[in-house]
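**Q** Generate a structure from the sequence data that follows.
(chains A, B, C and D)
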Protein chains: 4
Amino acid sequence: MILFNSDYLEGAHPVIMARLFETNLEQTPGYGEDEHCERARAMIRELCDAPDADVHFLVGGTQTNFTFLSAVLKPWQGVICADTGHIAVHETGAVEATGHKVIALPGHEGRLTAADVDAYCDQHFADESHEHMVMPGAVYISNPTEVGTLYSREALCDLREVCDRWGLVLFLDGARLGYGLASPENDLDLPFIAAVTDAFYIGGTKQGLLFGEALIITREDLQPHFRYMIKQKGGLLAKGRLLGVQFEAAFEGDLYMDMARHAIALALHLKEALQDMGVPFMIDSPTNQQFPILPDALLEDLRHEFSYATIQKIDPDHTVIRFCTSWATRPEHVERLIDALRELLG
Amino acid sequence: MILFNSDYLEGAHPVIMARLFETNLEQTPGYGEDEHCERARAMIRELCDAPDADVHFLVGGTQTNFTFLSAVLKPWQGVICADTGHIAVHETGAVEATGHKVIALPGHEGRLTAADVDAYCDQHFADESHEHMVMPGAVYISNPTEVGTLYSREALCDLREVCDRWGLVLFLDGARLGYGLASPENDLDLPFIAAVTDAFYIGGTKQGLLFGEALIITREDLQPHFRYMIKQKGGLLAKGRLLGVQFEAAFEGDLYMDMARHAIALALHLKEALQDMGVPFMIDSPTNQQFPILPDALLEDLRHEFSYATIQKIDPDHTVIRFCTSWATRPEHVERLIDALRELLG
Amino acid sequence: MILFNSDYLEGAHPVIMARLFETNLEQTPGYGEDEHCERARAMIRELCDAPDADVHFLVGGTQTNFTFLSAVLKPWQGVICADTGHIAVHETGAVEATGHKVIALPGHEGRLTAADVDAYCDQHFADESHEHMVMPGAVYISNPTEVGTLYSREALCDLREVCDRWGLVLFLDGARLGYGLASPENDLDLPFIAAVTDAFYIGGTKQGLLFGEALIITREDLQPHFRYMIKQKGGLLAKGRLLGVQFEAAFEGDLYMDMARHAIALALHLKEALQDMGVPFMIDSPTNQQFPILPDALLEDLRHEFSYATIQKIDPDHTVIRFCTSWATRPEHVERLIDALRELLG
Amino acid sequence: MILFNSDYLEGAHPVIMARLFETNLEQTPGYGEDEHCERARAMIRELCDAPDADVHFLVGGTQTNFTFLSAVLKPWQGVICADTGHIAVHETGAVEATGHKVIALPGHEGRLTAADVDAYCDQHFADESHEHMVMPGAVYISNPTEVGTLYSREALCDLREVCDRWGLVLFLDGARLGYGLASPENDLDLPFIAAVTDAFYIGGTKQGLLFGEALIITREDLQPHFRYMIKQKGGLLAKGRLLGVQFEAAFEGDLYMDMARHAIALALHLKEALQDMGVPFMIDSPTNQQFPILPDALLEDLRHEFSYATIQKIDPDHTVIRFCTSWATRPEHVERLIDALRELLG
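**A** Predicted coordinates:
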């Protein structure tokens, strides 16, 4: 059985495992106040060209999203996101559980547009009974999005402008950020992302670490006291150095991006092969998640050897599925998948 | 200036005011533990043919909605409602502020259908990652709806069945319940509503009282300790007898329904007059809220003498507005409005 | 049966009732945006010599406390109060339900001292693991306190200084503020209170209104968007003018203070009579709540004719009780109570 | 520098690290639905003699505490704990952030007594205005306590009885459970703990794992849907198998208890040595945390070579500190500490 259903199927890259092993018996202070975390934070500030940013390491993405958003929203504010946004769909109402509405706007292939955010805010504040409605207070985007698409530099500049117009915090969920940066269609880089957003995170869990997300808060008035919040929300890992050690290893040399490029190359190879077979896609994704539309009969056979995620039935005989590649995907497994699909499609 | 923008423009019906005046210097225990509240509760149980129901008096509708819903939902559950539902739109995220997602499904003229609720639940529980999504735990409906429409007996029976199938609490917001019951299109009555829902409330604020909503909880396992919840959420009025006195007065004789019938007669008279003038409506409402579509130029003039609520611009030259009648609307004011509209429409 | 157990036993002062009656059929906008509220707000700003203050009317005290506190605390902050503080004891965890710890420090006859607050904050921030503990973010005091005592001008200045030192919001619960201001031991006035606190409220419910509290927010950065918060927490009364009308009536002429002085005169008369009889007190209260310690056998008899609140058993044969007077207390009832006590005490 | 300030200074036991290494490239489903977790759950159910228990793996203790408590408390309920309880002091108000008051009762060397809980509940429900106070809904205890002491079998049976009397959930925080079970003074075992509590957890983070706590829910009506709650609160680790693999390794053979016994032997050796030197203790702890009272002048010197946690200054010249041992403490380090102390004490 070869699994393609997600990008968190294995543990961590061997280099990272080795580093955890090497440092295992070091004695360090807890809660991220050790030297590994300090070094990893410095490296990230440097990579982002953001010397005054605060960098925090959290364990997972849902935790990072609701901890940050609930820290920065006023109690009467909600967060705008695309209707496919992870916080709107797949976090069991974690943001609402902290008291804030998730305001889901129709997405454009998973992306939120500046124009839509602007129109929503304009309508909100123009309404004579706006105090009876949740005030928009932040914008949540993910890059790559949940359907694998990317924001362009221009789209992010436009969102920034709209956020400034309406006083919104701009937060970018980078659970798969490396896979985005490694895509041939990407025109972003870390310093730009750090400059254009108020906060964002660089995902580790899906990108070669055992777990861990590096949250970078660049906007200074959002920085104070954030560690209280991490502790309160259960995100302050006792052995915080585990996060520091992993990010240190990932960002020494080019390991983080090497792992991402590996996944992207395989995903695009698979995509191309599927396109050659005439398979249609739900969406044109340039990253490590691919969403082909396949006949149900074929899937019935495919699942004996390969796993995939089921996304959505779109007609009586066809279903959108998701294949993911990752830093750990073996090229020969992709070849076997391609062969199997070719054979099944006949 | 004559106001038609809402149904809470005046104080209370003179009979109710008189009763507050008469009882003003009585000394009673606080927090609803007085004899007026006791009598009003008994009257309501009787009217609802629900001898084992718990009846609580709260001050306002938003308060009643979030206090009840947050008491009965599990922390990981949300409440399903129509996308026009008051809790989804006009309560500043009060339900989310208690930690629960409002799951807004597309409404059908303000109504939620059993089929839509069923399909949503089916999809939720069938999804392999359902634990990553908010579990539906309750259904919120309002009757009349926010756009003036009514549920039929059959529609409510269907919703009941679906709620039983999926273990959902069925809650009916009756902020304007009397106006619904007084409509010629209504086929419900209080005993039926008490039997078909798990809890509902009979609105006072919009129906001739100074303020106050009577919450009836019929499902027994939802009853215990609810007064703790009212206190915690700020809804336990110190001089609770003010609520008891008002509901007592409203339900002695037929005052509550008389007031409602008055409003409905005037609303339908206005509706007919507008139809005669060829004015289109956003929706065919049989209750005290009417939603005509009028030319912006006309509205420009109209507003010098009359107030209305602006609902939505629907084309460059037309806007949906809302006229409300109430227990307090004076027939001559409706005539003046009709005359003015007739004149302006030429 | 004559009730002395609380100060919210009757309705409202006849002048206030009359005003509600007179204005009953006026048509006004809802939610406090009417002219009565506007006038009442202007009067209060004037009385407080606080032309830039925001004034909001809410229905009750618990609602006012948690709505304000949860609006101004950061998610990781708690509010310091005396261990007898209303929010710590008698609001069913309303503040905690908004996510914030109530940090109860041992009170001094119901009062919090600047020294205790200072020491607590000093210890908090000096602790190397302070991020693992709730950060103090506000100070809640009540005047009169829950046990009838008063803060002096000097004590409040000291608290202000400590709050400034540690960045704490200073909030004063004035549910019985008038009774405090009317006490012969009082050295405060409204302009001083407005200047020394960041926000406070002038109670109506216990001071001659049917219900209602006037919240005055003087600190400017705490003012924006507060109406959203009131709506979300269920405190935005649809017929908001009921609050405006009542406060308008209370503050035209000297009605509010007249009512308070009436209660204080009777309370102090009762206190003196009890002292003459040699009855000990739990606390030396100069306001409308008196806490005598009485033999249980006597109470057994007393309760056939009079109600009182039971506070605490202090030895096998004695209990602390509370008698309250109010604007509505009839002098002859106090005389009857004194006579009865004299007789029972032999 | 040799660190004794906590028991989470190192990574994980080499056997556990090795297992993580061996399984690193396995492909498994996420979120704890893999075979390692399944096996670890089965082993724990077996060890606890609780075949119907639900076992969940979470990342850390604070997370486990608030996730469980907020899942089982009604919105109007709070949790009783000792005033030294971790949830009352060192979790940044995590429980309050979920809306529930922590009701801290004076502890007895860190322990809560059945009598105190009983008296508190009795007083609560006897109070005529009990609805104005937070209802007790659960009891939180930790074993060993935060100050290293243990509950006896008898004390837990008494607490169970009181919890049954008042309808309280009994929850035991076992962050250091192994260190408790390994103490010569212990008379508990896992099957007893599973039977006497409604839920408890077996700590991993402080007991030789990289991280992870195994929550065992034995009471059946508290089991349904708990995974929704874990996800919502950010505790559902994507690569959940990391937790399963570690607990599997810890409970195969006797590794978990071997590690605990190692720590206890060293702690008691240190304790005895200190006692021999005449050093007084804040508390008589039979577990891996020792709380000697030492002269400040000595500590000034000691800290050049050893770390410790500062607990409390108790007089102008003395301070209570904490030394922790753990599975990873090296015997020679303890000897060096003893030698240093002996020398400094002269």
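**Q** for chain A, what helix or strand is lowest in average pLDDT?
**A** strand A:309-315 (a mean of 94; mean pLDDT, DSSP states H and E).
**Q** which helices and strands sit right next to it?
**A** strand A:318-324 (3 or more CB pairs under 8 Å, 6 or more residues apart in numbering or on different chains; DSSP states H and E). (Each C-beta comes from the backbone N, C-alpha and C, glycine too.)
**Q** Off-centre distance for the next helix or strand after the strand it packs on?
**A** Sequence-wise, the next helix or strand downstream of strand A:318-324 (DSSP states H and E) is helix A:331-345. Its chain's C-alpha centre and that of helix A:331-345 lie 28 Å apart, by CA atoms, centre = their mean, to the nearest Å.
**Q** who in the stretch 151-300 of chain A is up against chain D?
**A** A:205-206, A:210-211, A:228-229, A:231-239, A:242 (CB under 8 Å from any CB of the partner chain).
**Q** let's go with 7 Å and repeat that
**A** A:205, A:210-211, A:228, A:231-235, A:237-239, A:242 (CB under 7 Å from any CB of the partner chain).
**Q** And the pLDDT for the residue located most distally from the centre of chain A?
**A** Taking CA atoms, centre = their mean, the residue of chain A most remote from its mean C-alpha position is residue A:128, at 37.1 Å. Looking at residue A:128, its pLDDT reads 87.
**Q** gap between it and residue C:39?
**A** Separation of residue A:128 from residue C:39 (CB to CB, to the nearest Å) stands at 22 Å.
**Q** Kindly report the same for residue A:23.
**A** From residue A:23 over to residue C:39 (counting by CB to CB), the distance is 70 Å.
**Q** pretty sure residue A:138 is in contact with residue A:72, am I right?
**A** Yes: look at residue A:138 against residue A:72 with CB atoms under 7 Å: they come within range, at 6.3 Å.
**Q** Pull up the overlap in contacts between those two.
**A** Shared contacts of residue A:138 and residue A:72, defined by CB atoms under 7 Å, 6 or more residues apart in numbering or on different chains, comprise residue A:169.
**Q** and whichever residue of the stretch 51-200 of chain A sits closest to chain D, how many neighbours does it have?
**A** Closest residue of the stretch 51-200 of chain A to chain D, CB to the nearest CB: residue A:63 (3.2 Å). When neighbours are defined as other CB atoms under 10 Å in any protein chain shown, residue A:63 has 25 of them.
**Q** Go ahead and confirm it touches residue D:236.
**A** No: counting by CB under 7 Å, residue D:236 is not a contact partner of residue A:63; they are 9.5 Å apart.
**Q** hang on, residue A:137 in a strand?
**A** Yes: the assignment for residue A:137 (DSSP: H, G, I helix; E, B strand; the rest coil) places it in a strand.
**Q** which one is it nearest to, not counting chain neighbours?
**A** residue A:77 (2.8 Å; CB to CB, 6 or more residues apart in numbering or on different chains).
**Q** And that neighbour, its phi and psi?
**A** When read as degrees, to the nearest 10, the backbone of residue A:77 gives phi -100, psi 160.
**Q** Can you give me every residue that contacts it?
**A** A:100, A:134-137.
**Q** 8 Å instead, please
**A** Shown in contact with residue A:77 (CB atoms under 8 Å, 6 or more residues apart in numbering or on different chains): A:100, A:134-138.
**Q** which one of the residues you listed is nearest chain C?
**A** The closest of the contacts of residue A:77, once distances to chain C are taken by CB to the nearest CB, is residue A:135, at 5.8 Å.
**Q** so the closest one touches residue A:78, yeah?
**A** Yes: using CB atoms under 8 Å, residue A:135 is in contact with residue A:78, at 7.1 Å.
**Q** Could you chop chain A up by domain?
**A** Domain segmentation of chain A under automatic domain parsing yields A:2-6+A:255-345, A:15-251.
**Q** how much space between the closest residue to residue A:82 other than its chain neighbours and chain B?
**A** Distances taken as CB to CB, 6+ apart put residue A:107 closest to residue A:82, at 3.1 Å, once the chain neighbours are dropped. Residue A:107 sits 16 Å away from chain B, going by CB to the nearest CB, to the nearest Å.
**Q** State the number of residues packed around residue A:107.
**A** 21.
**Q** Tell me the pLDDT of it.
**A** Reading off the model, residue A:107 has pLDDT 97.
**Q** Give the closest residue to whichever residue of the stretch 51-200 of chain A sits closest to chain C in space, chain neighbours not counted.
**A** Nearest residue of the stretch 51-200 of chain A to chain C (CB to the nearest CB) works out as residue A:76 at 3.7 Å. Excluding the flanking residues, the one nearest residue A:76 by CB to CB, 6+ apart is residue C:228, at 3.7 Å.
**Q** Count the neighbours of that neighbour for me.
**A** 23.
**Q** Could you tell me which residues make contact with it?
**A** Per CB under 8 Å, 6+ apart, neighbours of residue C:228: A:76, A:131, A:135, B:92.
**Q** try residue A:309
**A** Residue A:309 is in contact with A:5-6, A:321-322, A:324, counting by CB under 8 Å, 6+ apart.
**Q** Those: which two are farthest apart?
**A** A:6 and A:321 (12.1 Å; CB to CB).
**Q** So residue A:165 sits against residue A:118, correct?
**A** Yes: the criterion here is CB under 8 Å, and residue A:165 meets it with residue A:118 at 7.0 Å.
**Q** And the helices in the stretch 151-300 of chain A?
**A** Under the criterion DSSP state H, counting those that start in this stretch, helices of the stretch 151-300 of chain A are mapped to A:153-166, A:177-181, A:190-196, A:226-232, A:241-251, A:255-276, A:296-302.
**Q** still on that earlier bit, tell me which of the domains of chain A lies nearest to residue D:144.
**A** Residue D:144 sits nearest to domain A:15-251 of all these, at 16.6 Å, using CB to CB.
**Q** gap between the closest one and the chain center?
**A** 8 Å.
**Q** Please list all residues in contact with residue A:9.
**A** Going by CB under 8 Å, 6+ apart, the list of residues near residue A:9 reads A:3, A:326, A:328, D:27-30.
**Q** Could you give the bridge partners of residue A:294?
**A** Beta-bridge partners recorded for residue A:294 (DSSP bridges): residue A:319.
**Q** Count residues in the vicinity of the closest residue to residue A:96 other than its chain neighbours, would you?
**A** Leaving aside its chain neighbours, residue A:96 sits nearest to residue B:101 (4.3 Å; criterion: CB to CB, 6+ apart). Residue B:101: 28 surrounding residues under other CB under 10 Å.
**Q** and if you look at residue A:279?
**A** Residue A:279: 17 neighbours (other CB under 10 Å).
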